[in-house]
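Colleague: Here's a sequence, model it:
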Amino acid sequence: MKEKIWLSSPHMGGNELKYIHQAFDENWVAPLGPNVNGFEQDLQAFLGAEVKVSALSAGTAALHLALIECGVQAGDEVLCQTMTFSASANPIVYQGATPVFIDSEKSTWNLSPFFLEEAIKDRISKGKKPKAVIAVSLYGMPFQVEEVLSICQKYNIPLIEDAAEALGSTYKGKACGTFGKFGVLSFNGNKIITTSGGGALVCHSQEEKDKAVFLSTQARDEAPHYQHSHIGYNYRMSNITAGIGRGQMEVLPDRINARRKMHAFYTELFKDIRGIQLLTEPNEDYFSNHWLSVIHIDEQLVGFDREVLRLAFLEDNIETRPLWKPMHLQPVFSGTPYYGEQVAETLFNNGLCLPSGSNLTEADRQRIVKVFRKVLRKL
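Modeller: Below you'll find the predicted structure:
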């Protein structure tokens, strides 16, 4: 069998072991230490905007803490983009709150500002003003930042920015993850840089960061004994994991360039094919890291559907994947409120994520081209 081409595999830079060995040599094998502090500082410097970063065990943990800091409690409602990974929505339920899902718009495939405002007005009319809004920069593509922020400010609802897939993406030159009241980053194994597992909460004040650190370390009060006045969580990133992150930060610009080159490769591959739409920036305000390059296939125009292409790649041991199944269509969220039409559903039914890793070779790209052209020849 041919060697597998992965959708998005980890890509080490080479210096990760230096920081890991340092942690072992200094016996900092704990959820605190120089690597944790250094990784947070590296992220703060990269993001700019005078943010404060708390390194955590996962992006999901960061989102959960963001909801807590926004005051979300049992019985509240939180508006959430429907086209996303389940980790964007699950923490809402952790808090005993109800997710209210919003459709996508067609230019960025992200949260629709129109249906966002429709949902806010309708929930308020029902006596349930939403406690927060979660907007996602899907596959690295920034959402319509100004429009979404304006609506949140109009109704005084905090915005939580899920930038788990968008480290290195910008809107009008400003880093994704810095626009909302809180931002969320992920360093899962398939992300643009990885700590094997991990995430971060982006805050705008030292007080917010301190609260996140307090809650993520079991909310232990200042006392010589173990005393707790709040429910806490075991969410802090370890010093070992943070060492991997420090090494990865050294190569982050290269990883962004490599992902964008993969997107350019697909742009060239599909440029003369009617019926295949590659997700790309709507205009110069948007800069995507193109964490994943994704396409929408119009079967009527191109002559084959998403599954034909997916299975052809699978036969050649090339990993591809359908787009995220919208949350309002997931069995676990059956019956939750939804505002929109069928934009997200159509994208899911006809969309495909393509191999996008920064470690793909020219030989890998030629295999991808060969499979795609084979599908075309069969028409």
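
Colleague: how much space is there between Glu345 and Pro322?
Modeller: Using C-beta to C-beta, to the nearest Å, one gets 12 Å for the distance from Glu345 to Pro322. C-beta: built from backbone N, CA, C; applies to glycine.

Colleague: next one: Leu111
Modeller: 20 Å.

Colleague: quick one, which of the two is more surrounded?
Modeller: Leu111 (33 against 16; other C-beta atoms under 10 Å).

Colleague: Mind listing the residues bridging to the more buried one?
Modeller: Ser104 (DSSP bridges).

Colleague: ok, it - contacts?
Modeller: Gln81, Ile102, Ser104, Glu105, Val133, Ala135, Val136, Phe143, Gln144, Val148 (C-beta atoms under 8 Å, 6 or more residues apart in numbering).

Colleague: rerun that using 10 Å as the cut-off
Modeller: Shown in contact with Leu111 (C-beta atoms under 10 Å, 6 or more residues apart in numbering): 79-84, 102-105, 133-138, 143-144, 147-148, 151, 159, 162, 340, 344.

Colleague: Pretty sure Pro113 is one of the things Glu147 touches, is it not?
Modeller: Yes: contact criterion C-beta atoms under 10 Å: Glu147 and Pro113 qualify, at 3.9 Å.

Colleague: More neighbours: these two, which one.
Modeller: A direct count of neighbours by other C-beta under 10 Å for Glu147 and Pro113 places Pro113 higher, at 19 against 16.

Colleague: Report the buried residues of the longest helix seen in the chain.
Modeller: Scanning the chain for the helix with the most residues, using DSSP state H, yields helix 252-270. Residues Leu252, Arg255, Ile256, Ala258, Arg259, Arg260, Met262, His263, Phe265, Tyr266, Leu269, Phe270 are the ones in helix 252-270 that count as buried (16 or more other C-beta atoms under 10 Å).

Colleague: Now the fourth one. Nearest residue, chain neighbours left out?
Modeller: With C-beta to C-beta, 6 or more residues apart in numbering as the criterion, Ala258 has its nearest non-adjacent residue at 3.5 Å, and that residue is Ser358.

Colleague: same question, the first one
Modeller: Once its chain neighbours are removed from consideration, Leu252 has its nearest residue in Ile193; the separation is 5.4 Å (C-beta to C-beta, 6+ apart).

Colleague: That neighbour should be in a strand, yeah?
Modeller: No: looking at Ile193 with DSSP: H, G, I helix; E, B strand; the rest coil, it is coil, so not inside a strand.

Colleague: Run a quick neighbour tally on Gly351.
Modeller: Counted by other C-beta under 10 Å, the residues lying close to Gly351 total 22.

Colleague: measure it to Glu165 for me?
Modeller: From Gly351 to Glu165 the distance is 15 Å (C-beta to C-beta).

Colleague: re earlier: just the ones of the contacts of Leu111 in strands?
Modeller: Among the contacts of Leu111, the ones falling in strands (DSSP state E) are Leu79, Cys80, Gln81, Ile102, Val133, Ile134, Ala135, Val136, Leu159, Asp162.

Colleague: Make TSV out of those and add neighbour count and distance to Phe304.
Modeller: Listed next are the ones in strands among the contacts of Leu111 as TSV, based on neighbours: other C-beta atoms under 10 Å; distance: C-beta to C-beta, whole Å:
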residue	neighbour count	distance to Phe304
Leu79	27	36
Cys80	27	33
Gln81	29	29
Ile102	32	31
Val133	28	38
Ile134	26	35
Ala135	29	33
Val136	28	29
Leu159	22	39
Asp162	32	33
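
Colleague: so which of those residues comes closest to Asn90?
Modeller: Among the ones in strands among the contacts of Leu111, Cys80 lies closest to Asn90 (C-beta to C-beta), at 10.1 Å.

Colleague: if we can go back for a sec, for the ones in strands among the contacts of Leu111, which one is nearest Pro34?
Modeller: Asp162 (29.0 Å).

Colleague: Quick one: residues contacting Gly340.
Modeller: Contacts for Gly340 (C-beta under 10 Å, 6+ apart) come out as 82-83, 101-105, 111-112, 114-116, 118-119, 326, 328.

Colleague: Which of these are buried, as a ChimeraX select command?
Modeller: Remark: buried members of these, expressed as a ChimeraX selection using 16+ other C-beta under 10 Å:
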select :82,83,101,102,103,104,105,111,112,115,116,119,326,328
